[in-house]
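Engineer: The following comprises the amino acid sequence and a computationally predicted model.
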Amino acid sequence: MQEQQVGIEEYTTSTTGFTGILKHRYNDFQVFEVDLTGRTAHLSATDAAPQAQQQATASSSSAVITDTAIAEVVAAFAAIAGQANAEQLQKLLTNIQQQQQQAAAAEASAQQQQQQQQGAAAPDLEVDLLPEGNKDVRKAIHQFLKSEPRLPPLATESVAAEGASAGPDGQVPHHVIRIRPGSSGGRGQRGSQDKRGQKRGKREWRDEMSWEGGDLKHVKFVMLKENTDTQAALGVVARMLHCQPRSFGFAGTKDKRGVTTQWVTAFKVSPAKLAALNPRLRGIKLGNFEFAASHLSLGQLGGNRFKLLMRDVSSSDEQHIAATVSELRSKGFLNYFGLQRFGIGAVPTHRVGAALLRGEWQGAVRLVMQGGPGERREYRQARALYMEQGDIQGALKVLPTSLVAERAVLQGLARHGSTAYLTALQGIPRTLRSMYMHAWQSWLWNRAASERFRRYGAEQAVAGDLVLLTTEQQQQDADAEAAAAAAAGGSAAAAVDALYDAEDTGTADAADEGDDVSAAASAAARLASVHVVTAAEAAAGRFSIRDVVLPLPGGRVQYPQHEAGWQLYCRMAAADGVMLPGMTAAEFADAAAAAAAAAAEAAAVGPQDGAGGTEAAARAAGAPASHGVKDFQLAGLSGDYRRLLHVPEDMQHQVIRYSNPDAELLQSDWSQLQQQQQQQLGGDRQHKRQRLDEQQQQQQQQQQRSSRQMQL
């Protein structure tokens, strides 16, 4: 796949460029993720770090119930349930305290862990109160255990009573209240009477007590990978841990061919278990473990830092190289989505996304299953069994597990029928399904960015451009809008409220769709802060070209109000037979006609997006696609904004002269860590040799003294 096929076409620099070889070795292309706090992901340790243990101790210790709290709670409970029941509660809380104190230790001993695994005797974490015939008292007990803030989470349930006597109302209670740690029925609420549920509640509590992270339920760590993509690497780790890949969270996918480091989170997986995988992992290393309160979701990163090595550079003029780099540093580059966004298979992922948007389920399945030249033999064999012979079971037998989407599709067809194409596609993991849709959005964005640059350049913001307002700018606009509304006789408060209504609605809708709350809030903030540059603002230079954004199509975005705006997006979408949200039938017809004419002209030149011009013209000439599957509707995506231009920070370069074309010229974090370990090991050996030499010298001196004494 070439850059031009996905819309990567323009350069911001005017100097004559030069060529070279990128990614000759994996180490030549290195990516370091930067989190939202500005911290860069580096692999500097691969053991279960003391930092994580210290975090665990602090977190666990803060959750331990104190003796004072126990005494106060028991006294308050006695006034409600009586002294005998208060003593039962005291017994339970004392045992819970003991468990908490054990969990707060920096590291449980191997003997303690073994006892827990073998079901060794543990303090009783369950008590039954005395039978109580008064319904109001029972209600008060449940309410107290539910609402008392000094108590740990407790579950209450009614169990059969034995030998109960009549209460004040003359009724014999048939049940007693059982209290145990946990929240199987909600904190302090009656839980299920099912015995399996009771056992599960106990087990969950003991798991909670043995979890070394305390209140921090996630482990955050750095994953370094080499020549594999993010999802495949996490799939390997998940299989070795016997857990689901969805247990892991990450902020962004990284290039396959290269050495990349990124933050990953895992839900309640011990750092020691993760660190123990390193000797068995090939091309993947895990380290720099710490505990975290929440998981990572796509988009929760500040950016990436790159180390790139270009070999066999065509220009030998170092001044020319320096001038080119200097111009790139000052002007930046168009912020295109890179080739990795469009997959590494024979069929670009944006073509799969377009088929899904059109509702062509069988076509999408065939695109997912389509292979290409250069694939491994077992890949080609599996694809051929299905594509040429329709042998689903045969293809499954030989298809490698690393082909996640293909395997999910075949399993869906095998389970639901050979023509259940939609069901099979919905069996693809949600993150991967969404990537097909995002790839199509990215493809349109790249082409729109090229057209925006060709028409208006990259020097300044022009009238009709979109920009994202800062908080201060939003407040300035809100004040101006409110003042205008007040001057017109309207309500200033209503004007300000209207300005922020969209932000509130966007956040709520995104959360309803099941997206991560913080990621949804971030996207909603961008959607709400967009502003159309006016002619006056463009003339005054209020906004820089660095402020300009372009939309990724969706249901809640605005489009630029110039020649690289709504009409351009409509033509591009119509060429794929897709109707944008908000697009009328008449607009689609006009856009389709224009797209068909352009596609027919391009047919003689050749394919531009992986599909022939004749095919694109036929699609554009047809009716817009329509289906009712929300997962594959563009209206179901809110859309987003992306900056047109990116100006690199702290960009430096160095010219290296070398003779060996395969020499390792750029060390990775893992290479440096190995080198440090070897140096440390060498120092230890040197220390041992020195001590051995000293011992030998002392022995020789002793022998010489003994020999002289004998001579005397």
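Structural biologist: Structure's in. What do you need?

Engineer: for the nearest residue to V533 once chain neighbours are set aside, phi and psi?
Structural biologist: Distance criterion CB to CB, 6 or more residues apart in numbering; nearest residue to V533, sequence neighbours excluded, is D465 at 4.5 Å. Where C-beta positions appear, they are placed from N, C-alpha and C, glycine not excepted. Dihedral angles of D465 (phi, psi; degrees, to the nearest 10) stand at phi -70, psi 160.

Engineer: burial measure for D465, as a count.
Structural biologist: 26 (other CB atoms under 10 Å).

Engineer: if I look at it, how far off is A76?
Structural biologist: 64 Å (CB to CB, to the nearest Å).

Engineer: now swap in D35 and tell me
Structural biologist: 45 Å.

Engineer: Between those two, point out the one with more neighbours.
Structural biologist: D35 (17 against 14).

Engineer: I'd guessed that one sits against L301; true?
Structural biologist: Yes - judged on CB atoms under 8 Å, D35 makes contact with L301 at a distance of 6.0 Å.

Engineer: Find residues that contact each of the two.
Structural biologist: Counting by CB atoms under 8 Å, 6 or more residues apart in numbering, the residues touching both D35 and L301 are 251, 263.

Engineer: and stretch 552-572, what's its mean pLDDT?
Structural biologist: Mean pLDDT, stretch 552-572: 94.

Engineer: Next, the buried residues of it.
Structural biologist: By neighbour count with 16 or more other CB atoms under 10 Å, stretch 552-572 contains the buried residues 552-557, 559-560, 562, 564-566, 568-572.

Engineer: so I344, which of the three states?
Structural biologist: coil (DSSP: H, G, I helix; E, B strand; the rest coil).

Engineer: Touching, it and K256? I think so.
Structural biologist: Yes - counting by CB under 8 Å, I344 touches K256, with 6.0 Å between them.

Engineer: Next, show the common contact partners of the two.
Structural biologist: Joint contacts of I344 and K256 (CB under 8 Å, 6+ apart) are D229.

Engineer: the more surrounded of those two?
Structural biologist: K256 (18 against 14).

Engineer: Spatially nearest residue to that one (excluding sequence neighbours)?
Structural biologist: Nearest one to K256, counting by CB to CB, 6+ apart, is D229 at 4.4 Å.

Engineer: For the one you found, give me its contacts.
Structural biologist: Contacts of D229 (CB under 8 Å, 6+ apart): 253-256, 340, 344.

Engineer: Among those residues, name the ones in strands.
Structural biologist: Counting by DSSP state E, no part of those is found in strands.

Engineer: Kindly reformat those residues as TSV and extend each row with distance to R305.
Structural biologist: Listed next are those as TSV, based on distance: CB to CB, whole Å:
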residue	distance to R305
T253	16
K254	12
D255	13
K256	18
Q340	16
I344	23
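
Engineer: just to revisit the earlier point, mind listing what the residue nearest to V533 touches?
Structural biologist: D465 makes contact with 456, 532-533, 538, 543, 548, 560, 562, according to CB under 8 Å, 6+ apart.

Engineer: Mind telling me which residue is nearest the centre of this structure?
Structural biologist: F250 (2.7 Å; CA atoms, centre = their mean).

Engineer: Right, I'll call it a day here.
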